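Chemist: Let's see this in three dimensions:
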Amino acid sequence: MRCMTKPIHGKGKVVTMDSGFCDAAGIIAMHKHGVFGQALIKKHSQYWPKYVPGNEIDNYFEGKELGETMTNKQEVDGVKFLIHCTRDDQYVTKIMRSHGLLDEIQDHYTGCKIGGQKSFKYSEPIFHH
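Modeler: Numbers count the residues shown, from 1 in each chain. Presented below is the predicted three-dimensional model:
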C-alpha cells in the first residue's frame, strides 16, 4: 500500500480501500508517510485482522438499533488507529482508519425495511466508503 501511494506521500490525501487491503500495518505505514487510509474490515476465514477485536465489537452491537455507531480507539506504533462501526440490518460494518471522526452526515439519510421503515444518518466513515 505504501508503494502504491508514493505519488501522494505527504499530501494528506485519503485512500479508500476494500477489505483485501485491510491491514493495520499498511494503514499505519501510509499515515507515517502523510497519506490517510481507510479499509473495510472483514473476517478472513476464522480470524479477524490484527488489532481488530471483531468478536467483541459484534457482541457489543447485539440488540442495538439499526444505525447505531461506535468507535474502537487504539494506538499502534504511536499512531491513532480507529475502527469505526455501524449496526446494519444483518451485520456490523467495520472500517479501519488512522483519521476522522464518527460524525453523522446531516444531509444524507438511508433507510432499511425490517418490518417497518427505519431511517438513520450514515456516519462520516461509512458515508465516504
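Chemist: Surely residue 51 and residue 74 touch.
Modeler: Yes: in this structure residue 51 lies within contact range of residue 74 using C-beta atoms under 8 Å: 6.2 Å. In this view, the C-beta of every residue, glycine as well, is placed from N, C-alpha and C.
Chemist: Between the two, which contacts overlap?
Modeler: residue 81 (C-beta atoms under 8 Å, 6 or more residues apart in numbering).
Chemist: The closest residue in space to residue 24 that isn't next to it in sequence: neighbouring residues, count only.
Modeler: In this structure, residue 24 finds its nearest non-sequential neighbour in residue 51, 4.5 Å apart by C-beta to C-beta, 6 or more residues apart in numbering. For residue 51, the count of nearby residues is 16 (other C-beta atoms under 10 Å).
Chemist: Please apply the same query to residue 62.
Modeler: With other C-beta under 10 Å as criterion, residue 62 counts 8.
Chemist: repeat for residue 91
Modeler: 11.
Chemist: Next, it: phi, psi?
Modeler: Dihedral pair for residue 91: phi -160, psi 180, per degrees, to the nearest 10.
Chemist: same deal with residue 38?
Modeler: phi -140, psi 140.
Chemist: The residue nearest to it when sequence neighbours are not counted bridge partners, please.
Modeler: If the residues on either side of it in the chain are set aside, residue 38 comes closest to residue 97, at 3.7 Å by C-beta to C-beta, 6+ apart. Residue 97 has these beta-bridge partners by DSSP bridges: residue 38, residue 82.
Chemist: wait, doesn't residue 97 sit right on residue 37?
Modeler: Yes: look at residue 97 against residue 37 with C-beta under 8 Å: they come within range, at 6.6 Å.
Chemist: Mind listing the shared neighbours of these two?
Modeler: Overlap between the neighbourhoods of residue 97 and residue 37 consists of residue 27, taking contacts as C-beta under 8 Å, 6+ apart.
Chemist: that older thread, list the contacts of the residue nearest to residue 24.
Modeler: Shown here is residue 51, whose contacts under the criterion C-beta under 8 Å, 6+ apart are 24, 74, 76, 81, 96.
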